[in-house]
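J.: Kindly return the folded structure for what I paste below:
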Amino acid sequence: MDVLHFYGADCGEENMESSKKRLDEHNYRTDKNGWNFVHVEGSPLERGYSYGRLMAVEIEASVQEASCLVELQTGLDWKFLKESSLSILPAWKRQMNRTPYREFLTEMDGMVRGVREEIPSSRLTIDDLILWNGYEELMNYWLPTAVDEIYDSMSGRHVKGGASRRRGCGADDRCSAFIATGSYTADGRIVMAHNSFTPFENSNYMNVIADIVPEQGSPFIMQTLPGYIHSLSDFYETRTGDGKGLMITETTIGGFNVYDAEKVPEFARIRYAVQYAVTLDEFVELFWKDNNGGYANTWFVGDIETNEIMRFEAGLKFYHIDKTKDGYYAGFNAPLDPRIRNLECADSGFGDIRRHQGARQVRIPQLMEEYKGRIDNEAAQKIIADHYDVYLKKENPCSRTVCSHYELDMREYMCQPGRPAPYEPRGAVDGVTAASADALERSLWARWGSSCGMPFCAAEFLEGNPQFDHLREFLRDRPSRPWTRFGHEESRQ
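T.: Below is the predicted model:
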């Protein structure tokens with residue numbers, strides 16, 4: 001059976017009963033409502049090995065799928081990225097093979113060993129996992145700065161140093177999010193929510209929730225992908241002590257277009273900050289060290305003990321921090337800092353309500369005021385599923401709404417080179433929320449599929465939109481599934 005499609009779902013699939021796979025009492029996996037929950041403990045090699053064994057089929061399949069998609073989306077094959085001296089891989093390996101990031105390279109080594117234990121025919125390597133962990137940074141941050149040199153190195157009839165191929169629109173924009181505290185929430189404590197705006201072909205394996213108990217640093221839970229040491233969708237909760245911990249999410253900075261290939265990749269820096277930061281200031285310090293501008297985000301971080309929340313806009317040269325104990329911060333993929341927006345971004349969509357950045361810049365604050373004093377998980381789930389279009393002033397699930405639906409949007413108001421095309425299969429592919437009480441238990445609420453629950457049927461979509469038939473093998477059905485609570489306590493029972 002083709003492993004790339006083994007976990008696909010039928011349009012009419014009903015929610016399946018939870019299934020479990022255990023290695024021992026400390027390392028296990030539970031599958032429920034479209035999610036794979038994995039709990040692992042131990043040293044870097046031990047937890048990586050357990051994770052690799054528990055998620056072997058998905059790790060193998062997701063890397064295979066990525067190797068196909070990278071060629072479809074860039075014209076470069078996976079072999080080139082692994083072997084060419086022009087690839088970013090050698091630089092990433094150098095950075096990860098030094099303190100304090102070497103721990104995570106060891107964890108990847110354990111994953112490779114675990115996968116090969118379960119799948120003896122596997123040819124998975126650490127290089128595969130490094131490229132897979134950095135896929136977003138590879139595609140949207142490094143490659144636009146390197147594509148001219150790569151192109152000029154290729155054989156064929158061309159003029160060396162010809163027209164630039166750098167994409168002028170900058171990095172893609174990916175998600176909606178908010179973090180709230182004080183008078184905005186039902187109990188005065190922190191509530192956090194996030195959904196991922198992603199091309200459907202790139203999101204088939206974003207359905208992993210990993211609960212990690214490392215030998216050193218803080219235990220944490222995150223939404224993630226098979227074989228990842230970080231989240232990518234970026235929803236984390238950490239426990240740093242009795243009644244203490246951090247809640248962390250973000251939205252990407254759209255149009256970001258600067259990058260330093262000699263610094264540390266974002267996926268290593270965020271993992272280090274998540275595992276070892278105890279305070280908001282420490283999070284900034286650990287994440288910003290060796291910053292390369294990769295996967296640039298506006299981070300939202302909350303301190304569970306003090307109920308203080310922070311907005312941390314992190315560019316390449318510039319960053320900006322705001323903090324409050326009574327208020328909220330909303331993410332809509334455009335930076336507020338004028339230095340980042342004007343000097344490190346192109347075409348950010350800031351203030352343009354025809355675009356999803358400008359539209360959500362208006363709509364999310366409206367929703368925060370509407371639910372002020374009542375925001376809990378239930379309210380957060382409603383906010384993240386909202387379909388009101390502030391441009392057309394009506395309910396209209398489309399690219400501009402908090403729960404994004406590009407697949408329903410003819411884009412008659414905004415279609416330009418480098419931006420999503422009409423009816424592109426793209427949009428909100430999940431929803432995740434948590435309150436402080438959940439975070440203290442390293443638990444969260446998650447919905448796989450659109451955060452509003454609207455189903456997506458690939459065959460019906462392609463019948464009406466044959467221009468996307470080249471994506472057929474990568475488009476999966478996304479049935480409506482319920483919000484489900486995940487955490488160590490729920491899953492080990």
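J.: From the contact counts, what lies against the helix or strand E285 falls within?
T.: Using DSSP states H and E, the element containing E285 is helix 280-288. Counting contacts by 3 or more Cβ pairs under 8 Å, 6 or more residues apart in numbering; DSSP states H and E, helix 280-288 packs against strand 246-252, helix 266-276, strand 297-303, strand 309-314, strand 319-324. C-betas here are computed from N, CA, C, even on glycine.
J.: right, and these - which one's nearest I212?
T.: helix 266-276 (8.0 Å; Cβ to Cβ).
J.: quick one: buried residues of the closest one?
T.: With burial defined by 16 or more other Cβ atoms under 10 Å, the residues of helix 266-276 counted as buried are E266, F267, A268, R269, I270, R271, Y272, A273, V274, Q275, Y276.
J.: show me where pLDDT drops low in the stretch 301-450 of the chain?
T.: Applying pLDDT under 70 to the stretch 301-450 of the chain flags the ranges 415-418.
J.: Now do the helices in it.
T.: Assigned by DSSP state H, counting those that start in this stretch, the helices in the stretch 301-450 of the chain fall at 338-343, 356-370, 377-383, 436-440.
J.: re earlier: quick one: the helix holding E285 to strand 297-303, angle?
T.: Here helix 280-288 points in a direction 150 degrees away from that of strand 297-303 (axes from the mean of the first three to the mean of the last three Cα atoms, to 10 degrees).
J.: related to what we said a few turns ago, export the helices of the stretch 301-450 of the chain to a markdown table and append columns for distance to P219 and mean neighbour count.
T.: Conversion of the helices of the stretch 301-450 of the chain to a markdown table gives the following (distance: least, Cβ to Cβ, whole Å; neighbours: other Cβ atoms under 10 Å):
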| stretch | distance to P219 | mean neighbour count |
| --- | --- | --- |
| helix 338-343 | 33 | 16 |
| helix 356-370 | 30 | 20 |
| helix 377-383 | 21 | 21 |
| helix 436-440 | 12 | 21 |
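J.: export those to CSV and tack on distance to G52?
T.: Formatted as CSV, the helices of the stretch 301-450 of the chain follow (distance: least, Cβ to Cβ, whole Å):
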stretch, distance to G52
helix 338-343, 38
helix 356-370, 37
helix 377-383, 32
helix 436-440, 27
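J.: and of those helices, who's closest to F332?
T.: helix 356-370 (3.8 Å).
J.: Tell me which of the helices and strands packed on helix 280-288 sits nearest to P214.
T.: Using Cβ to Cβ, the helices and strands packed on helix 280-288 put helix 266-276 closest to P214, at 6.0 Å.
J.: just how off-centre is that closest one within its chain?
T.: 14 Å (Cα atoms, centre = their mean, to the nearest Å).
J.: list the helices and strands it packs on?
T.: Contacts defined by 3+ Cβ pairs under 8 Å, 6+ apart place helix 266-276 against helix 102-118, strand 220-224, strand 235-238, helix 280-288.
J.: How is the chain divided into domains?
T.: 43-151, 175-491 (automatic domain parsing).
J.: Which among those domains is found nearest to W35?
T.: Closest of those to W35 is domain 175-491, at 5.2 Å (criterion: Cβ to Cβ).
J.: so how far is the closest one from its chain's centroid?
T.: 7 Å.
J.: if I look at the spatially closest residue to A186 that is not a sequence neighbour, how far off is G431?
T.: In space, and not counting its chain neighbours, A186 is closest to D376: 4.3 Å by Cβ to Cβ, 6 or more residues apart in numbering. Per Cβ to Cβ, to the nearest Å, D376 is found 15 Å from G431.
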